[in-house]
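>>> structure for this input, please:
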Amino acid sequence: MTVRHYCQGIGDCHLLSFPRADGSPFRMLIDCGIHVSIKGGPALIADIVADLKAETGGKIDVLVVTHEHWDHVSGFLTSDDLIKDFSVGEVWMAWTENPGDPEALDLDKFKAQALTALQGASRRLDAEHGLSTYMSGIRDGLQSVLGFHFGAKGERVRAARDAAARLSAKQPPAYFEPGGPPLSIPTLPNLRIYVLGPPRDKAALRLEEKVSEMYPLAAGGPFARALSAGLAVNETGNGTYVDELSPFECSVGTELSSVLNSGAASDAQGGIGAFVRTHYSGPVSAAGANEDPDQSWRRIDADWLGIAADLALQLDRGVNNTSLVLAFEFIDTGRVFLFPGDAQIGNWLSWKDLKWPVGEATVTATDLMARTVYLKVAHHGSQNATPQKQGLELMTSSDLSAFIPTNQLDAKNVHWGEMPYDAILTALAARMKGRVIRADDEWIGNKNGKPAFAPPTGSILAVRNAPRDAARGKGGLWVELDLA
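Modelled structure (predicted):
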């Protein structure tokens, strides 16, 4: 098959082409989006959609939407005017996107409550002054996480996902989960497609980095409820506020805001104003002349919002774990090509007991991993999206190769730290003998650029690349691989 990976960095868009018996191409598109933080993102996606139309004539046999994150589906909304005329045979999604599935509806309730709470926390933190370094980091992190759920103009990711669903000539879209026989396509008799994820097990969906570390998703979860309660202060007729989380009656104590805003006049309230200025909000006293003049570290006005970090992690990893994971197997050679979306640890670990009946034989997930010769690396090469023992170490083929949809500079600009994660990069390079391509590789942006390895090698028969139009920006628009 031929795979054209588009190189928007923090986002996924992959065009798979399989030859039919008559020589015509069967086209499968997996996702089309970019993270809201990427400068010029909508224009880049427009370039990608235009290229897709030129390459396919606007005909896609199967559109796969892996999961509901902006960097995977934004193109179906922001480039709606370009993509609406595409002919799409059918749309595939995970069971978690099915509006008729009770468990999917439970997940929707959690996501809605979590997003509402996180938006409220983000607005509150934006309005705060003198935040500590820790709380400033949480504020920036919230903005990054919310960027997976909203566009630059406030568009909701659900609208983009639904726009993709409406492209299908067959309605409703097809929803898949692990279990049952592998999928087959009548015009591609040499291809079997296995669905590995997402799991039904809520424990797997809410796994973080270890099996023992679980975040509950049911009924919004305690993080969402606690954060929402803290934000839901009710103004009464006399201008006071009732904090539902306060251990004291509303008539007890003095509101911090009134003390900070009324200055010396608040001394009449039992000296509380002087106490607060001396020990909490005011300048360093004469007795503390050797102290740091910046005493903002004493203040904890907004620290209760720190729980938003836990909720943001829970939401982000929970949604990533709902990724539709597909493994493509060529029947004649037994070679496997793995596309895990943004699946994180919980999704990966759920595969270990999967089995599929194939004729009189049984195929296991471990067997598929051992025969994998090509990997689309999950979640832009982040730390918790490619497990070691239950992932990379099971891929034992000497022909293994990989592509990472990532841009290290963009990740740093939104304070994501190591993305891609250095230890994963090292492990991939060692196991794949250097046959790893990244969306931000400089050579992709050069007309005559070549990768560090020379094809044919491993599962890669040939490599082609296309730089972006100089007037539209630097870097590569796509890299295309012939795989076998």
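>>> let me see the ranges of the strands in the stretch 201-350 of the chain.
234-235, 241-242, 325-330, 336-339 (DSSP state E, counting those that start in this stretch).
>>> please identify the most buried of those.
strand 336-339 (a mean of 25; mean count of other CB atoms under 10 Å). Backbone N, C-alpha and C define where each C-beta goes, glycine included.
>>> just to revisit the earlier point, so can I have a markdown table of the strands of the stretch 201-350 of the chain showing distance to residue 14?
As requested, the strands of the stretch 201-350 of the chain are exported to a markdown table (distance: least, CB to CB, whole Å):
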| stretch | distance to residue 14 |
| --- | --- |
| strand 234-235 | 49 |
| strand 241-242 | 51 |
| strand 325-330 | 11 |
| strand 336-339 | 7 |
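>>> show me the domain layout of the chain.
By the assignment in automatic domain parsing, the chain contains the domains 2-109+144-217+313-483, 221-312.
>>> among these, which is nearest residue 125?
domain 221-312 (5.9 Å; CB to CB).
>>> what about that closest one, average pLDDT?
Regarding domain 221-312, the rounded mean pLDDT is 65.
>>> residue 2 and residue 16 touch, don't they?
Yes: if you go by CB atoms under 8 Å, residue 2 and residue 16 touch, sitting 7.5 Å apart.
>>> higher neighbour count, the two?
Neighbours were counted for residue 2 and for residue 16 using other CB atoms under 10 Å; residue 16 has more, 23 against 16.
>>> what packs against the host helix or strand of the more buried one?
Secondary structure assignment for residue 16, by DSSP states H and E: strand 14-19. Counting contacts by 3 or more CB pairs under 8 Å, 6 or more residues apart in numbering; DSSP states H and E, strand 14-19 packs against strand 2-6, strand 25-30, helix 41-56.
>>> show me where the stretch 251-400 of the chain has helices.
Here the stretch 251-400 of the chain has its helices, by DSSP state H, counting those that start in this stretch, at 256-262, 272-276, 307-320, 345-349, 365-370.
>>> most tightly packed of those?
Most buried among these, counting by mean count of other CB under 10 Å: helix 345-349, with a mean of 26.
>>> give the buried residues for the helix or strand harbouring residue 461.
If you go by DSSP H and E, residue 461 is part of strand 460-467. Buried residues in strand 460-467, counting neighbours by 16 or more other CB atoms under 10 Å, are found at 460, 463, 465-467.
>>> thinking again about what came up before, among the domains of the chain, which gets the worst mean confidence?
Among these, domain 221-312 carries the lowest mean pLDDT (a mean of 65).
>>> which residues touch residue 32?
6, 12-13, 45, 48-49, 52, 72-76, 79, 83, 164 (CB atoms under 8 Å, 6 or more residues apart in numbering).
>>> let's see 7 Å
Residue 32 is in contact with 13, 45, 48-49, 75-76, counting by CB atoms under 7 Å, 6 or more residues apart in numbering.
>>> CSV please, covering the residues you listed and showing neighbour count and distance to residue 358.
Below are the contacts of residue 32 laid out as CSV (neighbours: other CB atoms under 10 Å; distance: CB to CB, whole Å):
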residue, neighbour count, distance to residue 358
13, 25, 31
45, 26, 38
48, 26, 36
49, 23, 37
75, 32, 35
76, 27, 34
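>>> if we only consider those residues, which is nearest to residue 184?
Scanning the contacts of residue 32 for proximity to residue 184, where the rule is CB to CB, the winner is residue 13, at 25.2 Å.
>>> ok, residues contacting stretch 48-57?
Here stretch 48-57 has contacts from 6, 8, 13, 15, 27, 32, 75, 79, 82-83, 477-478, using CB under 7 Å, 6+ apart.
>>> farthest pair within those?
Among these, 8 and 27 lie farthest apart (CB to CB), at 19.3 Å.
>>> those two: who's more crowded?
residue 8 (30 against 20).
>>> next one: the helix or strand that the strand holding residue 461 is followed by to chain centre, how far?
Using DSSP H and E, the helix or strand that follows strand 460-467 in sequence is strand 476-483. Centroid displacement of strand 476-483 relative to its chain, using CA atoms, centre = their mean, to the nearest Å, is 22 Å.
>>> direction included, what does strand 476-483 pair up with?
Here strand 476-483 has these sheet partners by DSSP bridges: strand 2-6 (antiparallel), strand 460-467 (antiparallel).
>>> could you export those strands as CSV, including distance to residue 188?
Converted to CSV, the strands paired with strand 476-483 look like this (distance: least, CB to CB, whole Å):
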stretch, distance to residue 188
strand 2-6, 13
strand 460-467, 19
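>>> quick one, which of the ones you listed is nearest to residue 358?
strand 2-6 (24.3 Å).
>>> what lies in contact with the closest one?
Contacts for strand 2-6 (CB under 7 Å, 6+ apart): 13-17, 48, 403, 405, 439, 477-483.
>>> which of those ranks first by neighbour count?
Neighbour-wise, the contacts of strand 2-6 (other CB under 10 Å) top out at residue 405, 28 neighbours.
>>> show me what contacts that one?
With CB under 7 Å, 6+ apart, residue 405 has these contacts: 5, 9, 11-12, 380, 439.
>>> same deal with residue 453?
Contacts of residue 453 (CB under 7 Å, 6+ apart): 434-435.
>>> how much space separates it from residue 460?
Going from residue 453 to residue 460 by CB to CB, to the nearest Å gives 8 Å.
>>> what do these two both touch?
By CB under 7 Å, 6+ apart, the residues touching both residue 453 and residue 460 are residue 435.
>>> shouldn't residue 30 be in contact with residue 339?
Yes: here residue 30 reaches residue 339: they are 6.0 Å apart, a contact under CB atoms under 7 Å.
>>> ok, residue 137 - how many residues close by?
14.
>>> and the pLDDT at it?
Reported pLDDT for residue 137: 83.
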